[in-house]
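# I would like to see how this sequence folds:
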Amino acid sequence: MQLSEQEIVRREKLDKLRALGINPYPADLFPVDSYSKQIKENYIEGKKVVIAGRLMRKKNQGKASFAEVQDTDGRIQIYLNRDEICPGDDKTLYNDVFKKLLDLGDFIGVEGELFKTKVGEISVRVANFQLLSKALKPLPLPKTDSEGNVYDEFNDPELRYRQRYADLVVNPQVKEVFIKRTKLFNAMRTFFNDKGYFEVETPILQPIAGGASARPFTTHHNSLDIPLYMRIANELYLKRLIVGGFDGVYEFSKNFRNEGMDRTHNPEFTALEIYVAYKDYNWMMNFTEKLLEYCAIEVNGTTDIVFGEHQVNFKAPYPRVTMADSIKHFTGFDIIGKNENELRTAAIEMGIEVDNTMGKGKLIDEMFGEKCEGNYIQPTFITDYPKEMSPLCKEHRDNPELTERFELMICGKEVANAYSELNDPIDQRERFEAQLKLAERGDDEASNFIDEDFLRALEYGMPPTSGLGIGMDRLIMYLTNNQSIQEVLFFPQMRPEVRETQTITLTDEEKEVLALIKKAEKITLLDLKTQSGLSNKKWDKTIKGLTKNNLASVNKTEEGLFVEII
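Sure, this is the predicted structure:
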């Protein structure tokens, strides 16, 4: 393992702490009773507190020092006086441990009392402190110069997503996104629970990838010796529960689709699905707009949000537009009554890329996606989808070519999808068989299975039911003004880290120091610094650049720290 100079120094400090009899990773409970936000909101002069967190700033001033500790709520200043911490002759705890052996990023526990400094900053006067965990890798903390310019910010997206643990520490605004994410889930649960609906769990590993049109991830069960699929949707299992007698069920499910990745799609994502008996899609539209209005207020305190350049209002009610009317409005073409060849010809004339695997539903979906979808910025229900697009949806009561389905569009993207659920088992079998024919034509998103157990469940009888699915990741993107789905996932899917060979451009200082190392073959770190004649700042930057690019290494031996060519 290649260590940087700072990592080597921190390991040396670790050894010194242990030599002083200090365990850098104690197992004992530390009795925290206060937090930074609570202290500032309910300040009481002289109150004794016990806090803990990361050391994020140190300013040593001889016999007294100021520092900052960051806990789960924020930061608070602490003040350390040598003679108060070390009242006897032994000043090791302050002079050596705090001033020399603690680093930024270390976790410490502090006991003390509250006071305000001369400039009015709420602080903790430390009576005692304890090292709780030694950090061996320096945090990627930004630096601010005397003129207020900020350098070395930790803002590279790939690094932030790979090292989310560091991102959360040094970029406090990121944590707020995930706090709002949890608020959203809690708000939905409250909304559903207050209406008597029941939260359930359904299988993630499924023998048939059903409930949606998507390419699944596959795996194998060794004991049963059968193929299994990672869940693409939980719809068919939730409907089974409606058959079983529940009037309302919902689930926040992890779904997996082996498809493309972009700023709005991740192969692993979270969906909310809810099914309510004796309802239809008209009722569900009213329910959905009330739900989202409630959630926006619970998460942000208002129904108004900003998403990129758009101002969006979640206040109900939302407009309702049929898919046929939408396509006709934006293209002039009426899809009603048209056969597959007419739809394909029209799509080609619109400049839409098509192929022979596409049936009527796919062609209409492409038309809407290319020509209409992006125009809906404010929350808008698109209703009455063609039957070919909705194999699990009930036929429209007024037009047999359509289904009772809606999707909710916001800022040009689908956020929710809902049906009057198909509960006719004979019709459902015919729809499944139509999907099989599309799969045979090469549509890799069409289901090539018929779920006989689900059909059997329908044959026992399912009451009239409406179901709703919401993409939770996309919804929280809107509520936190994030353009990328990776920003609202703690650990988004990424390619494995690969260290690629690349051309390295060296600074003049790096070239000179590298030449000194090559000439000496082996040289102490101190001698190299002296020979380089560089200032402390330039020296740190130069040696860091050489070690980061794996051109030189700093190695600890019994004789000291030596620098060698790699």
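
# Does V124 touch L114 like I think?
Yes: at 6.2 Å, V124 and L114 qualify as touching, with contact defined as C-beta atoms under 8 Å. Bear in mind the C-beta positions are built from the backbone N, C-alpha and C, glycine included.

# Mind listing the shared neighbours of the two?
Contact criterion C-beta atoms under 8 Å, 6 or more residues apart in numbering; residues shared by V124 and L114: 39, 49.

# neighbour count winner among these two?
Set side by side, V124 and L114 show unequal neighbour counts under other C-beta atoms under 10 Å, the larger going to V124 at 27 against 19.

# list the contacts for the more buried one?
Contacts of V124 (C-beta under 8 Å, 6+ apart): 39, 49, 51, 76-79, 110, 112-115.

# one more time with 10 Å
34, 36, 39, 47-51, 67, 69, 76-80, 110-115 (C-beta atoms under 10 Å, 6 or more residues apart in numbering).

# Now do the SS call for it.
At V124, secondary structure determined by DSSP: H, G, I helix; E, B strand; the rest coil is strand.

# got it, and T190?
Following three-state DSSP, T190 is assigned to helix.

# number of nearby residues for it?
13.

# Tell me which residues touch it, please.
By C-beta under 10 Å, 6+ apart, the contact set of T190 is 294-295, 298.

# what do you get if the cut-off is 7 Å, keeping everything else the same?
Contacts for T190 (C-beta atoms under 7 Å, 6 or more residues apart in numbering) come out as none.

# Report the separation between it and G74.
Relative to G74, T190 is positioned 27 Å away (C-beta to C-beta, to the nearest Å).

# Tell me the confidence at the nearest residue to T144 once chain neighbours are set aside?
Closest residue to T144 apart from its sequence neighbours, by C-beta to C-beta, 6 or more residues apart in numbering: V150 at 5.2 Å. You'll see V150 listed with a pLDDT of 81.

# Could you measure from V150 over to V110?
Separation of V150 from V110 (C-beta to C-beta): 28 Å.

# Tell me which of those two has more neighbours.
V110 (26 against 9).

# Could you say which helix or strand holds that one?
In this structure, V110 sits in strand 107-116 according to DSSP states H and E.

# what comes up buried for that strand?
107-112, 114 (16 or more other C-beta atoms under 10 Å).

# ok so, going back, I figured the residue nearest to T144 hits P142, correct?
Yes: in this structure, V150 is within contact of P142 by C-beta atoms under 7 Å, at 5.2 Å.

# on that earlier part again, adding distance to R215 and pLDDT as columns, could you present the buried residues of strand 107-116 in a markdown table?
Output for the buried residues of strand 107-116, formatted as a markdown table (distance: C-beta to C-beta, whole Å; pLDDT from 0 to 100):
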| residue | distance to R215 | pLDDT |
| --- | --- | --- |
| F107 | 44 | 98 |
| I108 | 50 | 98 |
| G109 | 51 | 98 |
| V110 | 53 | 98 |
| E111 | 57 | 98 |
| G112 | 58 | 98 |
| L114 | 58 | 98 |
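
# Return the member of those nearest to L29.
Closest approach between the buried residues of strand 107-116 and L29, by C-beta to C-beta: G109, at 10.2 Å.

# Beta-bridge partners for the closest one, please?
A52, Q130 (DSSP bridges).

# how close does the residue nearest to T144 sit to L159?
V150 sits at a distance of 17 Å from L159 (criterion: C-beta to C-beta).

# show me where pLDDT drops low in the stretch 301-450 of the chain?
444-447 (pLDDT under 70).

# how about the helices of it, start to end?
323-331, 340-349, 360-371, 425-440 (DSSP state H, counting those that start in this stretch).

# Also the stretch 151-300 of the chain?
Counting by DSSP H, counting those that start in this stretch, the stretch 151-300 of the chain has helices at residues 157-162, 164-170, 172-194, 235-243, 281-300.

# Out of those helices, which one sits most buried?
Most buried of these by mean neighbour count (mean count of other C-beta atoms under 10 Å) is helix 235-243; its value is a mean of 21.
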